[in-house]
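Trainee: next input, structure requested:
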Amino acid sequence: MNVHFIAIGGAAMHNLAIALHQKGDRVSGSDSEIFEPSRGRLKSHGLLPDSIEWKAEHIHDGLDAVILGMKAKADNPELLRAQELGIPIFSYPEFLYEQAKDKRRIVIAGSHGKTTITSIILHVCKKAKLDVDYMVGAQLEGYETMVRISHAKTMILEGDEYLSSPLDLRSKFVHYRPHVALLSGIAWDHINVFPTYPEYLACFEDLLKVIEPGGKLIYCEEDAEVLSLVHNKGAALNTQAYRTPEYSVSDGHYLVDGKHSLSLVGKHNMQNLEAACAICIELGLSRDEFYDAVADFEGASRRLEIFRKSDERLIYRDFAHSPSKLKATVEAVKEQYPDRTLMACIELHTYSSLNKNFLPKYAHSLDHADKAVVFYSPKTIANKGLESIEPNDILSGFSNPNIQVIIDVNDLKACFEDFNRQAGNILLMSSGNFGGLNLDEIFN
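Mentor: The predicted model follows:
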């Protein structure tokens, strides 16, 4: 095939471009800006556009397909030219379905945990030599790309509830039509596109509707919202529940079933492991085979990732930004080392987290940290066109008067340097970059 990517620089888009290139397809692409690591990875495969701009001339009648990223707008000149020429236009998830429509499709969905669960499954499949295609939302150690498309008979797909493209406002995961779907949890997110909770919940209702006839839904019975959804909308489905397994913690080490030692930490990751185990059993492995294979799995990139380590201290980086993820991450680190002081910082960076009306969702999410800091940039709020918020709004929303609120990046740097002089574990949580601070330099 001859395929052109509009917005090739995105994390998912550039990985799919590389996967198709490796499969032997002819790939081109364009974007208005491309940052690292996408830029370097595209360049290494000869796929970096000659010029970083949108140009109608990039589109020609020799193309078999155009893949449209969310970054592009409906008036994008390349999109308009593709429509004029009648070239088939696909969103990212639509194109993935076309590649996987003859495979057994397993979709991992939920407001939290889906990247970790998918990563665990792929780690186990690799160790067990199970041949699967995949799409996962993080770069994994030992994997060149986040997407693989081959002749494998099964495809593991991380199912995102976000919009598919500027032309398709359906959730990405509805395109995948799973034979097996896993639902880890539901907690309102992405309020810039789902302004009410019922609108957000409807995405997951739509997922249940597209499970293939005779398919299965595996769900977390400890999540109240998931349980309610399954009871109300899942009557006609073949369902299977899972829950957090029995585990113990000793000197920072986690043990499941009294015999399986693990590298992952935290109750939420024990729950994620059990979810992944249910899927791997569907793939033909036993429970013991799964837990033996997963013992050395240390996590997906920026998912409770160990950034610095010594005998007296662990410094973690984490992608946590939603209330449920934040609370679970803080509790996990404190549970692992309850006798160590925990210093935690969250950067509010997303549309949801910087919305004044959404802040109360964060109530008590930082309570398990001994020293808690919330950082946000007024400039980021202005750039997103949101109503301004004040430090008192943060204190009120988090329901914790002991939180230190920082809005200046120089003050944040001083805070991190102070953290680094003290004894105890440090947890750094953000989907952004802490105002561009060089963490390697600060935490050397």
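Trainee: alpha carbons only for contacts and neighbour counts from here, please
Mentor: Will do.
Trainee: distance of Ala100 from Ser164?
Mentor: 17 Å (Cα to Cα, to the nearest Å).
Trainee: helices and strands around the helix or strand where Glu98 lies, which ones?
Mentor: Using DSSP states H and E, Glu98 sits in helix 92-100. If contacts are counted by 3 or more Cα pairs under 8 Å, 6 or more residues apart in numbering; DSSP states H and E, helix 92-100 sits against strand 65-68, strand 163-165.
Trainee: next, the residues that contact that helix from outside, please.
Mentor: Met13, Ile67, Leu68, Gly69, Ile149, Met155, Ser164, Ser165, Lys172, Phe173, His175, Tyr176 (Cα atoms under 8 Å, 6 or more residues apart in numbering).
Trainee: which sections of the stretch 51-200 of the chain are below the confidence cut-off?
Mentor: For the stretch 51-200 of the chain, not a single residue meets the criterion pLDDT under 70.
Trainee: helices along that one, start to end?
Mentor: For the stretch 51-200 of the chain, the helices defined by DSSP state H, counting those that start in this stretch occupy 77-85, 92-100, 114-127, 197-209.
Trainee: name the residues that touch the longest one?
Mentor: What that stands for is helix 114-127. Taking Cα under 8 Å, 6+ apart as the rule, helix 114-127 contacts 108, 131-132, 134, 136-138, 140, 156-159, 184, 272-273, 275-277, 279-280, 290, 293-294, 297, 299-300, 303.
Trainee: alpha carbons of that helix, in CSV - could you do that?
Mentor: Extracted C-alpha coordinates of helix 114-127, given in CSV (Å, rounded to 0.1, in the frame of the first residue of the first chain):
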residue,chain,number,x,y,z
LYS,A,114,-5.0,0.0,30.4
THR,A,115,-1.4,0.8,29.4
THR,A,116,0.1,-1.1,32.2
ILE,A,117,-2.3,-4.1,31.7
THR,A,118,-1.5,-4.2,28.0
SER,A,119,2.2,-3.9,28.7
ILE,A,120,2.1,-6.8,31.1
ILE,A,121,0.2,-9.0,28.6
LEU,A,122,2.8,-8.3,25.9
HIS,A,123,5.7,-8.9,28.3
VAL,A,124,4.2,-12.3,29.2
CYS,A,125,3.5,-13.2,25.5
LYS,A,126,7.1,-12.4,24.6
LYS,A,127,8.5,-14.7,27.4
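Trainee: can you list the buried residues in that helix?
Mentor: Neighbour-count burial for helix 114-127 flags Lys114, Thr115, Thr116, Ile117, Thr118, Ser119, Ile120, Ile121, Leu122, His123, Val124, Cys125 (criterion: 16 or more other Cα atoms under 10 Å).
Trainee: any idea how far the last one is from Tyr219?
Mentor: Look at Cys125 and Tyr219: by Cα to Cα, they are 21 Å apart.
Trainee: and the angle from the helix ranked longest in the chain to helix 114-127?
Mentor: When the chain is parsed with DSSP state H, its longest helix is helix 267-282. Calculated by axes from the mean of the first three to the mean of the last three Cα atoms, to 10 degrees, helix 267-282 forms an angle of 50 degrees with helix 114-127.
Trainee: return the distance of helix 267-282 from the chain's centre.
Mentor: 16 Å (Cα atoms, centre = their mean, to the nearest Å).
Trainee: just to revisit the earlier point, quick one: distance of the helix holding Glu98 to the chain centre.
Mentor: On Cα atoms, centre = their mean, the centre of helix 92-100 falls 19 Å from the chain's centre.
Trainee: now it - C-alpha only, PDB.
Mentor: Only the C-alpha atoms of helix 92-100 are listed here, as PDB (Å, rounded to 0.1, in the frame of the first residue of the first chain):
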ATOM      1  CA  TYR A  92      -5.900   5.700  13.400                       C
ATOM      2  CA  PRO A  93      -8.300   3.200  15.000                       C
ATOM      3  CA  GLU A  94     -10.200   2.600  11.800                       C
ATOM      4  CA  PHE A  95      -7.000   1.700  10.000                       C
ATOM      5  CA  LEU A  96      -5.900  -0.600  12.800                       C
ATOM      6  CA  TYR A  97      -9.200  -2.400  12.500                       C
ATOM      7  CA  GLU A  98      -8.700  -2.900   8.800                       C
ATOM      8  CA  GLN A  99      -5.400  -4.500   9.600                       C
ATOM      9  CA  ALA A 100      -6.900  -6.700  12.300                       C
END
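Trainee: what is the end-to-end distance of stretch 431-444?
Mentor: Termini of stretch 431-444 sit 22 Å apart (Cα to Cα).
Trainee: related to what we said a few turns ago, any quick ChimeraX command for the buried ones out of the contacts of helix 114-127?
Mentor: Remark: buried members of the contacts of helix 114-127, expressed as a ChimeraX selection using 16+ other Cα under 10 Å:
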select :108,132,134,136,137,138,140,156,157,158,159,184,272,273,275,276,277,279,280,290,293,294,299,300,303
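Trainee: next step: the contacts of helix 114-127 restricted to strands.
Mentor: Among those, the members falling in strands (DSSP state E) are Ile108, Tyr134, Ile156, Leu157, Glu158.
Trainee: gap between Asp292 and Trp54?
Mentor: 49 Å.
Trainee: with neighbour numbers in mind, choose between the two.
Mentor: Trp54 (19 against 16; other Cα atoms under 10 Å).
Trainee: quick one: the more buried one and Leu79 touch, right?
Mentor: No: applying Cα atoms under 8 Å as the test, Trp54 and Leu79 come out as separate, 9.5 Å apart.
Trainee: tell me the contacts of Trp54?
Mentor: Counted by Cα under 8 Å, 6+ apart, Trp54 has contacts Ser30, Asp31, Ser32, Asn76, Pro77, Glu78.
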